[in-house]
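Visitor: dropping the sequence and predicted coords here.
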Amino acid sequence: MDDNTFGRLNERIDRLRVAPLIANTVAVYTADREALNRAYSAGLVDLNTAAELTPTQIRALLATTPACEEDGTADT
């Protein structure tokens with residue numbers, strides 16, 4: 001394929017995207033995809049934040065105690 005072929009295909013896609021039968025479906029799909037991308041990004045931020053926590057900080061957030069309080073092995 002050459003640049004002209006890609007240009008024609010892009011023009012066809014642009015025309016189809018605004019066609020009444022397709023435009024609404026494309027808009028709904030785009031909104032759904034963007035919402036999923038935002039949720040995924042937020043999950044990655046949460047994972048990154050959690051990865052930086054120490055076991056002591058995690059226990060404090062979860063309001064739990066060490067598995068073996070007397071020797072503190074839960075912190076290793």
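Guide: Nice, thanks for sending it over.

Visitor: from now on I want contacts and neighbour counts done on CA atoms only, so please keep to that.
Guide: Fine.

Visitor: who touches the residue positioned nearest the centre of the chain in this structure?
Guide: For the chain, residue 40 is the residue whose C-alpha lies nearest the centre (Cα atoms, centre = their mean; 1.4 Å). Residue 40 is in contact with no residue at all, counting by Cα atoms under 8 Å, 6 or more residues apart in numbering.

Visitor: tell me the mean pLDDT for the strand or helix carrying it?
Guide: Counting by DSSP states H and E, the element that carries residue 40 is helix 20-51. The average pLDDT within helix 20-51 is 94.

Visitor: C-terminal to that helix, what's the next element?
Guide: With elements assigned by DSSP H and E, the helix or strand that comes after helix 20-51 is helix 55-62.

Visitor: from the contact counts, what lies against that next one?
Guide: Judged by 3 or more Cα pairs under 8 Å, 6 or more residues apart in numbering; DSSP states H and E, helix 55-62 is in contact with no other helix or strand.

Visitor: now do it: distance to the chain's middle.
Guide: 25 Å (Cα atoms, centre = their mean, to the nearest Å).

Visitor: okay, angle between it and helix 20-51 too, please.
Guide: Interaxial angle of helix 55-62 relative to helix 20-51 (axes from the mean of the first three to the mean of the last three Cα atoms, to 10 degrees): 120 degrees.

Visitor: rounded mean pLDDT for helix 55-62, please.
Guide: Rounded mean pLDDT across helix 55-62 is 89.

Visitor: CA atoms of that helix as PDB?
Guide: As requested, the backbone C-alpha atoms of helix 55-62 are provided in PDB (Å, rounded to 0.1, in the frame of the first residue of the first chain):
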ATOM      1  CA  PRO A  55       4.200  -4.200  56.000                       C
ATOM      2  CA  THR A  56       3.800  -2.000  59.100                       C
ATOM      3  CA  GLN A  57       2.000   0.700  57.000                       C
ATOM      4  CA  ILE A  58      -0.200  -1.900  55.400                       C
ATOM      5  CA  ARG A  59      -1.200  -3.300  58.800                       C
ATOM      6  CA  ALA A  60      -2.000   0.200  60.000                       C
ATOM      7  CA  LEU A  61      -4.200   0.800  57.000                       C
ATOM      8  CA  LEU A  62      -6.000  -2.500  57.400                       C
END
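
Visitor: alright, that wraps it up for me.
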